[in-house]
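[1] predicted coordinates and the sequence they were generated for:
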Amino acid sequence: MTTLQTVFEKARADRRAALVGYLPAGFPTKDGAVAAATAMVEAGCDVIEIGLPYSDPLMDGPTIQDAVHRALLNGTRIADVMRTVEGVAKTGAAVLVMTYWNPIDRYGAERFARELADVGGSGTITPDLTPEEAGPWLEVSAVTGIDTVFLVAPSSPEERIKAVADCCTGFVYAASLMGVTGARESVSSAAEGLVQRTRSQTRLPVCVGLGVGNGAQAAEVAGYADGVIVGSAFIRRLLDAPDEAAGLDSVRRLAAELAEGVRGVRA
């Protein structure tokens, strides 16, 4: 298992931010998700988030909702998510599962954490799990050796940022704007301030997501954050591709562009 600590230590040594890519399991197909994520790693992604398809994705924008819907139509289940993590972990990247809390709760928190660790998963991102309700998940995650990641937002007051950061062991996910996921013309101006506010509450890395879609935006965010998270832009490349081979080539080119953006910014 590649740990998040290892990833961020290497990125700091290279004087750059880490590049984090997201894809849901089962999209564009079950095997296609592994192939696409592998291409992203080969082209420069340090961390891969594997989304667990869920029927009520509250914070996901239309692009990710479309991909998740297709994954559900493909019959993607938690067992497929674990197989996807296992396949991607073989690349040497750190692999997280991004999931709403309900699927973990229904599956069994201890069972989920144990199986994720067994297939080489590094941790989870749980966007709708609050610090007040996170105690049992933090306990089983610690026992199984997987990291936890929670979200802060521009609207979060200082005491909330601290409460969220105290629940994290991998990194803190700074949502750059209020709203759903999706690539945008520009990254929210609130992102840098949120990173600074979060750093005042924790020594963990702070990664920025929501809105990054090209190399220039990645370079901008890499100038002040420890990691740059990209999801919808990768999915859009796969949705727009005429076939799987073209989709793989497209996500590989985007990952290379983003990787170039995050590298050397602080040198």
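    All right, it came through fine.
[2] longest strand of the chain?
    strand 18-24 (DSSP state E).
[3] after that strand, next one along is what?
    helix 30-42 (DSSP states H and E).
[4] for that next one, buried residues please.
    Of the residues in helix 30-42, 30, 32-41 count as buried by neighbour count, 16 or more other C-beta atoms under 10 Å. Just so you know, the C-beta spots here come from the backbone N, C-alpha and C atoms, and that holds for glycine as well.
[5] following it, which helix or strand comes up?
    That would be, after helix 30-42 and using DSSP H and E, strand 47-51.
[6] who does that following strand touch, helix- and strand-wise?
    strand 18-24, helix 30-42, helix 62-73, helix 78-89, strand 94-98 (3 or more C-beta pairs under 8 Å, 6 or more residues apart in numbering; DSSP states H and E).
[7] from the chain's centroid, how far away is that strand?
    In terms of C-alpha atoms, centre = their mean, to the nearest Å, the centre of strand 47-51 is found 5 Å from the chain centre.
[8] do the same with stretch 62-72
    The answer for stretch 62-72 is 16 Å, by C-alpha atoms, centre = their mean.
[9] so which residues of the stretch 151-267 of the chain form strands?
    151-152, 172-175, 206-209, 227-230 (DSSP state E, counting those that start in this stretch).
[10] dump these into a markdown table; add distance to residue 20 as well.
    Below are the strands of the stretch 151-267 of the chain laid out as a markdown table (distance: least, C-beta to C-beta, whole Å):
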| stretch | distance to residue 20 |
| --- | --- |
| strand 151-152 | 13 |
| strand 172-175 | 9 |
| strand 206-209 | 6 |
| strand 227-230 | 4 |
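[11] output those strands as CSV; include the columns mean neighbour count and distance to residue 49.
    Shown next, in CSV, are those (neighbours: other C-beta atoms under 10 Å; distance: least, C-beta to C-beta, whole Å):
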stretch, mean neighbour count, distance to residue 49
strand 151-152, 22, 12
strand 172-175, 27, 10
strand 206-209, 27, 9
strand 227-230, 28, 7
